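Novice: quick one, fold the following:
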Amino acid sequence: MSDTRGTATFRASAQAYDAFMGRYARALATTFFEVCRLAVGGRFLDVGCGPGALTTVAAARLGAAAVAAVDPAPQFVAACLERLPGVDVRCAPAENLPFGDGIFAAAAAQLVLHFVSNPTRAALEMARVVRPGGVVAVCVWDMEYGMEMLRAFWDAALSIDPGAPDEEQTLRFGGPDELAGLFASSGLDEVEEDTVTVTAHYSGFSELWSTFLGGVGPAGNYAVTRPEPVQEALKDAFAERLGRPGGGFSLSGVARVVRAKAPR
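Specialist: As a prediction, this is how the structure comes out:
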């Protein structure tokens, strides 16, 4: 992942990421690992690991010595190394994985393909480092219908700023068959697509809004770069979209999951 429009917004701390997206990423990682049947023996590679949500699941299932991870953000690499001693964590983009051919049994990228500058290259790299017949899997949010937090936020933003960079329009692979098509065109075999739904809980709207102020991702970056009057209007419109919750509430996210096998 190079410093593209999307990835440039992932300069926040690991703690800010955990508060904003981590609560979804941790829940998703457990199901993603299971749905994609990644526990196949041998070594596992987490591509675009962030602070380590999927890496943590893989290390718990396979042992730290059998897991490697990469991310282009140095602060996420540092956090993952600190949290998971024994895992081989390196700073690298998805398009240029620092590993030899065919050394992993499986490679997976969670919530990453939206943001890579060259997704075809990333898919080919994942296939390259996986042994023939090994698993290659990715998942991304369904941006049109399935990610309640982000959909409500961007609808609120559009209501006060028609030029807001709605992720449904700016990010790739949010619709049916797009990821499967990428894998098929990249020469992977036995391509399967599915969906996974996860839920995150908030103690109140104030907690949710505070996570945006960490500046994580396109939505957080948009929120913190608005002038104060616009930011206040955005906050109010966002609360309105969510029904102005007076107490705790939950939001769901639907991820599109694609699993395939490296060519034999």
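
Novice: helix, strand or coil for Gly133?
Specialist: Secondary structure, DSSP: H, G, I helix; E, B strand; the rest coil: Gly133 is strand.

Novice: now for it, how many residues are close by?
Specialist: By the criterion of other CB atoms under 10 Å, Gly133 has 13 neighbours. (Each C-beta comes from the backbone N, C-alpha and C, glycine too.)

Novice: isn't it up against Ala262?
Specialist: Yes - using CB atoms under 8 Å, Gly133 is in contact with Ala262, at 6.4 Å.

Novice: grab the nearest non-local neighbour of Val135.
Specialist: Closest residue to Val135 apart from its sequence neighbours, by CB to CB, 6 or more residues apart in numbering: Ala106 at 3.9 Å.

Novice: which elements pack onto the lowest-mean-pLDDT helix or strand in the chain?
Specialist: Scoring the helices and strands of the chain by mean pLDDT, DSSP states H and E places helix 167-170 at the bottom, with a mean of 81. When contacts are defined as 3 or more CB pairs under 8 Å, 6 or more residues apart in numbering; DSSP states H and E, helix 167-170 sits against helix 148-160, helix 217-224.

Novice: out of those helices, flag the one nearest Asp88.
Specialist: With CB to CB, the closest approach to Asp88 among the helices and strands packed on helix 167-170 belongs to helix 217-224: 26.2 Å.

Novice: send me the very next helix or strand once past the closest one as PDB with only the CA atoms.
Specialist: Proceeding N to C from helix 217-224, the next assigned helix or strand is helix 228-241, under DSSP states H and E. Extracted in PDB, the C-alpha atoms of helix 228-241 (Å, rounded to 0.1, in the frame of the first residue of the first chain):
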ATOM      1  CA  GLU A 228     -15.400  23.800  13.900                       C
ATOM      2  CA  PRO A 229     -18.900  25.100  12.900                       C
ATOM      3  CA  VAL A 230     -19.100  22.400  10.100                       C
ATOM      4  CA  GLN A 231     -17.800  19.700  12.500                       C
ATOM      5  CA  GLU A 232     -20.600  20.600  14.900                       C
ATOM      6  CA  ALA A 233     -23.200  20.500  12.200                       C
ATOM      7  CA  LEU A 234     -21.800  17.100  11.000                       C
ATOM      8  CA  LYS A 235     -21.900  15.800  14.600                       C
ATOM      9  CA  ASP A 236     -25.600  16.800  14.900                       C
ATOM     10  CA  ALA A 237     -26.600  15.400  11.500                       C
ATOM     11  CA  PHE A 238     -24.800  12.100  12.400                       C
ATOM     12  CA  ALA A 239     -26.700  11.900  15.700                       C
ATOM     13  CA  GLU A 240     -29.900  12.500  13.800                       C
ATOM     14  CA  ARG A 241     -29.200   9.800  11.300                       C
END
